[in-house]
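K.L.:
Generate a structure from the sequence data that follows.
(one chain, ligands or ions: 1)
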Amino acid sequence: MKKFLNLGKQPFANKYLSKKELLSKKKEQFYELQIGFDVKSKLVSILNTVSSKKMFDNKYPYRSSMSLTMRDSFKELSVFIKKKFKPNLILEIGSNDGSLIKHFKKDKALCVEPCKNLAKITKKKGFKTYSEYWNKSLAKKIKSKFKKIDLIYSANTLSHIPNLDSVFKSISYVLSENGVLIIEDPSLMECLKKTAYDQFYNEHIYVFSLISIINLMKKHNLEVFDVKKLKTHGGSMRYFIKRKSNKNLRINKNVQKYLNEELNFKIDKFETYIKFRKRVEVSKQKLIDIFHSLKKRNKKIIGYGSTAKSVTVLNYCKINNQIIDYFVDTTPDKTNKYMPGTHIYIKKYHKNLLNNIDYIFLGAWNFKKEIFKKEKKFIKKGGRFISHIPKPNII
Ligand code: DWN
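P.N.:
Residues are numbered from 1 along each chain as shown. Got it, this is the predicted structure:
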């Protein structure tokens, strides 16, 4: 693994602090956020991993249903899955608050969600939910009860699990002979193109590329038979995977097309990552300059969407509660808390909180379209957004 980026000391994303925790003598935990490239497998990953138990516990705040964009994306996918693959049983790994699974019949779906507070939500809705980490022993438990599974889906989850060999071995163990695995995660090429260094934080152990997924699948006698580019989460890839032995599904020409795009971009070359590091350093300085010049002019700045991504940006650029007055967010378990590391207060979203604000830092830049539509009034009144993607700028 060759290191190419150091984003400094970072607190754990999604560990929002209560007032009690903020005032407590117990020190907030930090780790060194370094990122590397594996020349052989082409995998990009963080170098210091934090234990899954510490990250995904019974208080995990993130809810995938908080944006219309994601709700629509899951609904559309569910229609497609039912029409195209007609699964008898779908297993979702990382079901969060059930944004996808709620579109399936309860007796045709299984959820895996280690965060107990989230698992409770799908259990309450009547879905069989395993509140456990995805591994071989859980796969064995599921197989002994349900035999084989014909569709496995996982969004923004497998990239959060350190041992990928165990992940795919366990998947291969329960997947039926003609079964389909669909995974989606942020695309490495989009992350590099947009200088979206905030896709790196403790939970994103990997940022996948098509080439790295193809290489990984080879080890498990699986293969990618189709790929779809998605606009979600700043540009994601949805990979459709089958067993190599399954000749019923043909390999779509998109696989070679998108692989060629990545190779033309030199995603397999270390020099690409060195260039990315240089762009990240320039981006950092530009963003700091924007904030400092606005503060010099006594402008009032708040943040919108207290994302895991913004934890990386704010801590890396050392933008704290002296610069950003507060964040607004719709997530119940984030509000009335403080951002990790920078201790910026998070208020429960209300449109009035945008009154008399000059600038808003777009923490949830991946939902720019949705947010701009919602905040037409703020923009009309002369309010401006600050975004670091693709380049630090005032919009
Ligand atoms: O992989 C992961 C992704 C999928 O979700 C996790 N490891 C953690 C999390 O990352 P994130 O926090 O960067 O995700 P989002 O989806 O970009 O977060 C958006 C945040 O913005 C949420 O806290 C909800 C909030 N929001 C809001 O307050 N008003 C979002 C929208 C669209 C809004 O209108």
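
K.L.:
now check the host helix or strand of Lys53, is it near the ligand?
P.N.:
Using DSSP states H and E, Lys53 sits within helix 52-55. No. Figure legend: helix 52-55 not in contact with the ligand (C-beta under 6 Å from any ligand atom); closest approach 8.6 Å. Backbone N, C-alpha and C define where each C-beta goes, glycine included.

K.L.:
Other residues contacting that helix?
P.N.:
With contact meaning C-beta atoms under 8 Å, 6 or more residues apart in numbering, helix 52-55 is reached by Phe12, Asn14, Gln29, Pro114, Tyr133, His160, Ile161, Pro162, Asn202, Glu203.

K.L.:
which regions of this structure sit below the pLDDT cut-off?
P.N.:
Of all residues in the chain, none has pLDDT under 70.

K.L.:
Show me which residues of it sit near the ligand.
P.N.:
Counting by C-beta under 6 Å from any ligand atom, the chain sits next to the ligand at 62, 66-67, 156, 203, 233, 305-309, 329-331, 334, 349, 364, 366-367, 370-371, 374.

K.L.:
So for Thr157, what's the nearest residue that isn't a sequence neighbour?
P.N.:
Gly94 (2.8 Å; C-beta to C-beta, 6 or more residues apart in numbering).

K.L.:
For the one you found, grab the count of nearby residues.
P.N.:
24 (other C-beta atoms under 10 Å).

K.L.:
Spit out the contact partners of it.
P.N.:
So Gly94 contacts Val112, Glu113, Trp134, Ser154, Ala155, Asn156, Thr157, Leu158, His160 (C-beta under 8 Å, 6+ apart).

K.L.:
can we see that at 7 Å?
P.N.:
Val112, Glu113, Ser154, Ala155, Asn156, Thr157 (C-beta atoms under 7 Å, 6 or more residues apart in numbering).

K.L.:
tally of neighbours for Leu17?
P.N.:
Quick note: Leu17 (other C-beta under 10 Å) scores 19 neighbours.

K.L.:
Surely it and Asn336 touch.
P.N.:
No. With contact defined as C-beta atoms under 7 Å, Leu17 does not count as touching Asn336 (10.6 Å).

K.L.:
tell me the centre residue of the chain?
P.N.:
Central residue of the chain (C-alpha atoms, centre = their mean): Asn156, 5.0 Å from the mean position.

K.L.:
can you give me the helices in the stretch 101-250 of the chain?
P.N.:
Taking DSSP state H, counting those that start in this stretch, the helices of the stretch 101-250 of the chain run over residues 116-124, 136-146, 164-174, 188-193, 210-218.
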